[in-house]
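Peer 1: I would like to see how this sequence folds:
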Amino acid sequence: MPFHLAPYLAKSLPGVGVLGGIVGGAAALAKNLHLLQAGKVSRKEAAIDTGKETVGAGLATALSAAVAGAVGGGLVVSLGVAVAAGIAGKYAWDRAVEYTEAQIAARTSGADDEAIEDIA
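Peer 2: Residues are numbered from 1 along each chain as shown. Now for the predicted structure:
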């Protein structure tokens, strides 16, 4: 008997997030493989970016599904809410990652808090 991954994951909010992470991670990996082959990024940079994009896509997908489910409404309303929540979730994730990376860089390089405040 075959296992059907997508319907299985779609049964729960965390599962929807995992499915979004799989799709987002696959897209990020395809992008990073191209950049790696072109010599524009290192293996480490490609792996880190793919990981960040995978987690961000998963979280944004789960948020999108949760908000759309909470709001309800018809197809158009649900799609609009899902898209808006997904954009907001991914935007927040990306800014949080940028802030965290800047904070780490500032601490490891001995820079002061002004470098961190420029990003915020």
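
Peer 1: use CA for all of it now, contacts and neighbours both
Peer 2: OK.

Peer 1: Okay, buried residues for the longest helix anywhere in the chain please.
Peer 2: Across the chain, the longest stretch assigned as helix under DSSP state H is helix 75-109. By neighbour count, with 16 or more other C-alpha atoms under 10 Å as the criterion, the buried positions of helix 75-109 are 78-79, 81-83, 85-87, 89-90, 93, 99, 102-103, 106.

Peer 1: cool, stretch 23-40 as well?
Peer 2: Going by neighbour count (16+ other C-alpha under 10 Å), the buried part of stretch 23-40 is V23, G24, G25, A27, A28, L29, N32, L33, L36.

Peer 1: swap in stretch 62-71?
Peer 2: For stretch 62-71, the neighbour count (16+ other C-alpha under 10 Å) marks A62, L63, S64, A65, A66, V67, A68 as buried.

Peer 1: check contacts around the third one.
Peer 2: Each residue near S64 by C-alpha atoms under 8 Å, 6 or more residues apart in numbering is listed here: V81, A82, V83, A84, A85, G86, G89.

Peer 1: Which neighbouring elements make contact with the longest helix of the chain?
Peer 2: helix 43-71, helix 113-119 (3 or more C-alpha pairs under 8 Å, 6 or more residues apart in numbering; DSSP states H and E).

Peer 1: any idea how far A62 is from the residue nearest to L59 when sequence neighbours are not counted?
Peer 2: Nearest non-adjacent residue to L59, counting by C-alpha to C-alpha, 6 or more residues apart in numbering: G17, 5.9 Å away. Between G17 and A62 the computed distance is 4 Å (C-alpha to C-alpha, to the nearest Å).

Peer 1: With V76 instead?
Peer 2: For V76, the distance to A62 (C-alpha to C-alpha) stands at 19 Å.

Peer 1: Let me know how buried K44 is, in neighbour terms.
Peer 2: 10 (other C-alpha atoms under 10 Å).

Peer 1: pLDDT score assigned to it?
Peer 2: Looking at K44, its pLDDT reads 97.

Peer 1: Sounds good, over and out.
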